[in-house]
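J.: Build me a model:
(chains A and B)
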Amino acid sequence: MSYVKPSIPKGTRDFVPEEFARRKYIFNTIENEFKKYGYKPLETPSMEFLSTLTGKYGDEGDKLIFKILNSGDYLSEVSDEELTNKDLKSLTSRICEKALRYDLTVPFARFVVQHYNELTFPFKRYQMQPVWRADRPQKGRYREFYQCDIDVIGSTSLLNEAELIKISDGIFQKLHINVTIKLNNRKILNGIAEVLGENEKFTDITVALDKLDKVGWEIVHSELIAKGIKPCAVEKIALLVKMSESPTALTEIAEFVKDSEIGRQGIEELRTVIELTSKMNVKSQICFDVLLARGLNYYTGTIFEIAAKDVQMGSISGGGRYDDLTGIFGLDNMSGVGISYGADRIYDVMQMLGVFPESLNCFTQVLFLNFGDREVQYILFLAEALRKKGISTEIFPDNAKMKKQMSYADKNKIPFVIIAGENEIQNNVFTLKNMTTGTQQELSFEAVLNIFN
RNA sequence: GUGGAUGUAGCUCAGUAGGUUAGAGCAUCAGAUUGUGGUUCUGAGGGUCGUGGGUUCGAGCCCCAUCUUCCACCCCA
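T.: Purely as a prediction, here's the structure:
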């Protein structure tokens, strides 16, 4: 008989009960914080039309979208000519009309436009669902992973930005992760490009600068030259890099872009956001970083990125303001701002830091040992009474050896075991054993219930 | 998509220069202990050495391909 070796696709994972509990803890913490600020839940389907997703994430992003083959005879409409030409772009659009979502923001934009008439603006929503990327997996990078997004759309107020920072701060405080919240504004970057006289090379410059801390100035320098940036502009960029490390970076950059209208606007916005958060009792470190660019090309204003301080891991959170994401679906003047938390990376970080509460390993509170049919009759009422009080209670299903049953309790980290055999029935009591201390006592029905108050 | 490493029991790994029946620890199961787990002792089960080819009298070890996982780049959560 032949069988397939059980395995799952690259970059996907099973979550065992203990992992699930820890993940749930992260989701709950995040969700509670979202709710506090009046964000409402939303879920969208795993798949969207491929046309909804393509063109939103840049060329690199488009390549990473998982496509879904049409059902049925999906080649019947395709001509032999198209097949032999092997033009992937036109061919995939013919045989794949659906794709797995790549993030939660674009489906959200689609949702807002589609349900425009039913929504009240500003609309605040949160969404915690898996997304899929055909990336090559590595540390902190999966092909299926969960994002927790909040967005507010239909408001240009910078109070939203400040609130998102405060929410992030609250979440990471609760999860015991020390973070740096990096802040920048796309308008400042636009202003810089304008001042440099390199408007059309804007993306090239920001992308090159974004990896400065990783690869160093030498490599960034040669990349800028290679992209055809004028030498005098490259010199100014070098100056900019120096400024970025200065404690008075904001003032210096403000001076640098003072001749650019949009640049000044960016500085103004950034100052407002920082001013607002300063009154919100934010504990995490907030820092302005001109070099922060972020790839997703729909951002137009504030951009955020959050990284854990004490461990080596890519950013665990990122987001920004987008002025025209709904435009592509036919709805203009709908500015939004949002941030996305990567649950899986947060999990990895917490695991490395060892900051998960110990209590998450405990599922069942009480285990009744099983000594046979008559004894089970005797414990049924107590088990029911405990469950009624909300205590997770198990009755061992088989009349197995006591050693096996005790061992089951031990392995499952069940803190209490109730032993009720012939002796207990005769005296109308229950023996309650505390598995942590190893002590046990005989108690009446009511006395047991009182212990679990 | 580019470059580099990796793959031996459920897990972590040994495996000497290619040579008979591939090992250990942990985990699992059973017993020591017929109403007491976590410690200890004894024993047992479990591997077509990632997969497919090739070289060789002979391959876990050498060669090729392929897949997996990991790391860096690209990009990102």
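J.: Every contact and neighbour count from this point should use C-alpha atoms.
T.: Noted.
J.: three-state assignment of whichever residue of the stretch 351-453 of chain A sits closest to RNA strand B?
T.: In the stretch 351-453 of chain A, the residue that lies nearest RNA strand B is A:Gly438 (3.2 Å; C-alpha to the nearest atom of the strand). Under DSSP: H, G, I helix; E, B strand; the rest coil, A:Gly438 falls in the coil class.
J.: now A:Ser407
T.: Going by three-state DSSP: A:Ser407 is helix.
J.: now do A:Arg321
T.: strand.
J.: ok, for it, nearest residue in space, not its chain neighbours?
T.: With sequence-adjacent residues excluded and distances taken as C-alpha to C-alpha, 6 or more residues apart in numbering, A:Arg321 is closest to A:Val337, at 4.0 Å.
J.: any idea how far A:Asp410 is from the residue of the stretch 351-453 of chain A closest to RNA strand B?
T.: 11 Å (C-alpha to C-alpha, to the nearest Å).
J.: the more surrounded of these two?
T.: A:Asp410 (15 against 9; other C-alpha atoms under 10 Å).
J.: Quick one: residues contacting that one.
T.: By C-alpha atoms under 8 Å, 6 or more residues apart in numbering, the contact set of A:Asp410 is A:Met435.
J.: Can you verify it is assigned to a helix?
T.: Yes - counting by three-state DSSP, A:Asp410 falls inside a helix.
J.: Contact residues of the stretch 101-250 of chain A facing RNA strand B?
T.: A:133, A:135-143, A:145, A:147, A:207, A:211, A:214-215 (C-alpha under 7 Å from any atom of the strand).
J.: can you check the stretch 301-450 of chain A too?
T.: Going by C-alpha under 7 Å from any atom of the strand, the residues of the stretch 301-450 of chain A near RNA strand B are A:305-306, A:314-319, A:340-342, A:344-345, A:402-404, A:406-408, A:410-411, A:419-424, A:431, A:433, A:435-439.
J.: what sits against A:Arg133?
T.: Counting by C-alpha under 8 Å, 6+ apart, the residues that A:Arg133 touches are A:Leu64, A:Ile65, A:Phe66, A:Tyr102, A:Tyr142, A:Arg143, A:Glu144.
J.: What separation do you get for the residue nearest the centre of chain A and A:Asp169?
T.: For chain A, the residue nearest the mean C-alpha position is A:Gly342 (2.4 Å; C-alpha atoms, centre = their mean). In this view, A:Gly342 and A:Asp169 are 15 Å apart by C-alpha to C-alpha.
J.: and the residue nearest to A:Arg321, that one's in a helix?
T.: No - per three-state DSSP, A:Val337 lies outside any helix segment and is strand.
J.: For the residue nearest to A:Pro41 when sequence neighbours are not counted, which three-state class applies?
T.: Excluding the flanking residues, the one nearest A:Pro41 by C-alpha to C-alpha, 6+ apart is A:Tyr126, at 5.0 Å. When classified by three-state DSSP, A:Tyr126 comes out as strand.
J.: Which ones among the residues of the stretch 301-450 of chain A next to RNA strand B map onto strands?
T.: Within these, residues falling in strands by DSSP state E are A:Glu305, A:Ile306, A:Ser317, A:Gly318, A:Gly319, A:Ser340, A:Tyr341, A:Gly342, A:Ile419, A:Thr431, A:Lys433.
J.: Tell me the one of the contacts of A:Arg133 nearest RNA strand B?
T.: A:Tyr142 (4.0 Å).
J.: ok, that closest one touching A:Pro9?
T.: No - taking contacts as C-alpha atoms under 8 Å, A:Tyr142 lies outside contact range of A:Pro9: 10.8 Å.
J.: So for those two, which residue has more residues nearby?
T.: Of the pair A:Tyr142 and A:Pro9, A:Tyr142 is the one with more neighbours under other C-alpha under 10 Å, namely 21 against 8.
J.: Ramachandran angles for that one?
T.: phi -120, psi 170 (degrees, to the nearest 10).
J.: quick one, what contacts it?
T.: Taking C-alpha under 8 Å, 6+ apart, one finds A:Gly11, A:Thr12, A:Arg133, A:Asp135, A:Arg136 in contact with A:Tyr142.
J.: which residues in the stretch 301-450 of chain A form helices?
T.: With DSSP state H, counting those that start in this stretch as the criterion, the stretch 301-450 of chain A has helices at A:343-353, A:373-388, A:402-411, A:422-427, A:445-451.
J.: how about TSV for the ones you listed, with distance to A:Val16 and mean pLDDT added?
T.: Output for the helices of the stretch 301-450 of chain A, formatted as TSV (distance: least, C-alpha to C-alpha, whole Å; pLDDT from 0 to 100):
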stretch	distance to A:Val16	mean pLDDT
helix A:343-353	14	89
helix A:373-388	25	95
helix A:402-411	15	90
helix A:422-427	37	93
helix A:445-451	31	95
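J.: between the ones you listed, which gets nearest to A:Val113?
T.: Proximity to A:Val113 (C-alpha to C-alpha) singles out helix A:343-353 among these, at 27.3 Å.
J.: Contacts for that closest one, please.
T.: By C-alpha under 8 Å, 6+ apart, helix A:343-353 touches A:22-23, A:26-27, A:140-141, A:145-148, A:175, A:177, A:308, A:310-311, A:313, A:316, A:356.
J.: taking these one by one, which sit in strands?
T.: A:Phe145, A:Tyr146, A:Gln147, A:Cys148, A:Ala308.
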